[in-house]
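Visitor: Sequence and predicted structure below; questions after.
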Amino acid sequence: MDASQLAQVEALCETLYTGSTSAKSDSGGPISRQDAQARLLSLQSSADYIPQCQYILDHSTSHYARLVASNSLTELITTHWNNFTVPQRIDIRNYVLGYLANQGPGLQDFVVISLIKLVCRITKLGWFDDPTHRELTDDVTKFLQATIDHCILGLKILNQLVDELNIPTTGRTLTQHRKTSVSFRDVCLFKVFQLGLTTLKQLQSRAISAEPKQEAILGEQALSLTVRCLNFDFIGTNPDESTEDVGTIQAPTAWRTFLQDGGTLELLFDFYANTEPPRSSKAMEAIILLCSIRRSLFPSDKDRAIFLGRVMSGIRELLSKQTGLQHQDNYHQFCRLLGRLKANYQLSEL
């Protein structure tokens with residue numbers, strides 16, 4: 001691909017996403033959106049187009065062209081995965097991660113999301129190919145330790161990674177998915193959960209110095225990550241997403257210390273009380289999930305009673321001050337919390 005071909009691709013992308021008439025057909029007339037889409041889809045037709053997609057990402061200044069290139073790469077990687085050697089797969093993974101590290105903070109959100117989906121898809125498909133793919137969590141830790149913008153990027157990557165490893169991919173058998181998902185649960189998920197909680201603690205203690213807008217985004221991403229980790233399909237039941245509530249969280253025993261720690265509940269109640277939706281409602285959602293942990297995770301009934309006592313104290317304080325209940329999202333989640341307590345605990349335990 002050269003500069004003139006890149007200009008043509010950019011013009012087609014503008015036509016597709018904005019209705020611009022800058023793209024011209026061979027006869028000189030304007031190209032319709034349907035024609036522009038058909039021409040751009042050719043980038044997804046063969047693995048031979050991967051270098052062209054990388055050229056677009058490296059040289060284009062058009063956000064729409066970058067989006068098309070990223071989406072095309074994801075489709076090509078998914079469809080032609082078996083055509084690549086293990087070193088080629090690692091090269092593409094490292095290229096995308098490096099691109100996010102260097103260019104990510106200046107990209108539009110929709111481009112960032114697409115690139116993150118790409119790197120998480122590569123990680124999932126290559127999970128058993130090479131240990132490098134299983135080290136994505138460690139690589140993302142470097143994002144969390146860099147600038148605030150990179151920290152936000154890192155949390156977005158972790159959120160998408162949990163989703164990618166939790167949800168079956170079209171074209172792969174359920175057995176393949178489950179094998180990868182279980183390995184991810186055992187190798188990485190607990191560390192991802194800890195990273196989410198650590199970020200929340202840093203925000204609470206003001207250890208992260210960020211502008212209010214950045215702080216809000218960090219909080220939302222960290223809370224979303226906490227909820228995703230607790231919602232993970234730990235035992236492979238794959239519940240129907242249309243069901244309102246899954247009764248019990250089958251968290252591994254290794255998570256016990258964090259889950260029954262009073263500091264975790266206190267942290268979430270504090271975030272609920274001191275933020276606005278969607279952060280406050282996400283914090284309440286995490287509390288609901290903590291209240292749904294399987295009974296056998298607690299070493300004894302006494303430990304479970306202590307945990308329940310902390311929950312009830314938080315609820316009493318919340319009700320006495322009517323904290324956040326004027327917001328519909330918070331009110332809805334609070335009602336769900338009461339419903340979950342009723343389902344998971346006996347009245348004699350309260």
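Guide: Alright, I've got the coordinates. From a predicted model like this one, the values you see are computed outputs, not experimental measurements. Residues are numbered from 1 along each chain as shown.
Visitor: residues in contact with stretch 265-279?
Guide: Contacting residues not belonging to stretch 265-279 are listed as 197, 200-201, 204, 216, 219-220, 223, 226, 280, 283-284, 286-287, 290, 307, 310-311, 314, 317-318, 323-324, 327, 329-330 [Cβ atoms under 8 Å, 6 or more residues apart in numbering]. For the C-beta atoms, the positions are set from N, CA and C on the backbone; glycine is no exception.
Visitor: Now a ChimeraX select for only the buried ones of those.
Guide: The following ChimeraX selection, which keeps only the buried ones among these, applies the criterion 16 or more other Cβ atoms under 10 Å:
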select :197,200,216,219,220,223,226,280,283,284,286,287,290,307,310,311,314,318,323,324,329,330
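Visitor: Now the longest helix seen in the chain: buried residues?
Guide: In the chain, taking DSSP state H as the definition, the longest helix is helix 301-321. Burial within helix 301-321, assessed by neighbour count using 16+ other Cβ under 10 Å, is assigned to R304, F307, L308, R310, V311, G314, I315, L318.
Visitor: Likewise for stretch 30-38?
Guide: For stretch 30-38, a neighbour-count test (16+ other Cβ under 10 Å) marks I31, A36, Q37 as buried.
Visitor: taking these one by one, which sit in helices?
Guide: Among those, the residues falling in helices (DSSP H) are A36, Q37.
Visitor: need the helices for the stretch 101-250 of the chain, in chain order.
Guide: Taking DSSP state H, counting those that start in this stretch as the criterion, the stretch 101-250 of the chain contains helices spanning 109-125, 136-144, 148-166, 174-184, 190-204, 212-230.
Visitor: What count of nearby residues applies to P212?
Guide: Applying the criterion other Cβ atoms under 10 Å, we find 7 residues in the vicinity of P212.
Visitor: Let me know the pLDDT of it.
Guide: The predicted structure scores P212 at 92 on the pLDDT scale.
Visitor: swap in the one 4 residues further on?
Guide: Per-residue confidence for A216 comes out at a pLDDT of 96.
Visitor: now swap in S20 and tell me
Guide: 81.
Visitor: So it belongs to a helix, correct?
Guide: No - per DSSP: H, G, I helix; E, B strand; the rest coil, S20 lies outside any helix segment and is coil.
Visitor: Please name the nearest non-neighbouring residue to it.
Guide: Nearest-residue entry for S20: E14, 4.1 Å, with adjacent residues in sequence omitted and distances by Cβ to Cβ, 6 or more residues apart in numbering.
Visitor: Contact partners for the one you found?
Guide: Applying Cβ under 8 Å, 6+ apart, we find E14 in contact with S20, S22, A23, S62, Y64.
Visitor: What values do phi and psi take at the fourth one?
Guide: Per-residue torsions, S62: phi -90, psi 120 (degrees, to the nearest 10).
Visitor: Surely it touches L12?
Guide: No - because the distance of 10.2 Å does not satisfy Cβ atoms under 8 Å, S62 is recorded as not touching L12.
Visitor: More neighbours: which of these two?
Guide: Looking at S62 and L12 with other Cβ under 10 Å, you find the greater number of neighbours at L12, namely 24 against 19.
Visitor: Poorly predicted segments of the stretch 151-300 of the chain, please.
Guide: Per-residue confidence for the stretch 151-300 of the chain (pLDDT under 70) gives these ranges: 238-246.
Visitor: coming back round to it: closest one to I56 among the helices of the stretch 101-250 of the chain?
Guide: For those, the distance to I56 is smallest for helix 109-125, at 11.3 Å, taking Cβ to Cβ.
Visitor: on contacts alone, who are the packing partners of that closest one?
Guide: helix 63-79, helix 86-103, helix 136-144, helix 148-166 (3 or more Cβ pairs under 8 Å, 6 or more residues apart in numbering; DSSP states H and E).
Visitor: Now do F271 against E215, distance only.
Guide: Counting by Cβ to Cβ, to the nearest Å, the gap between F271 and E215 amounts to 12 Å.
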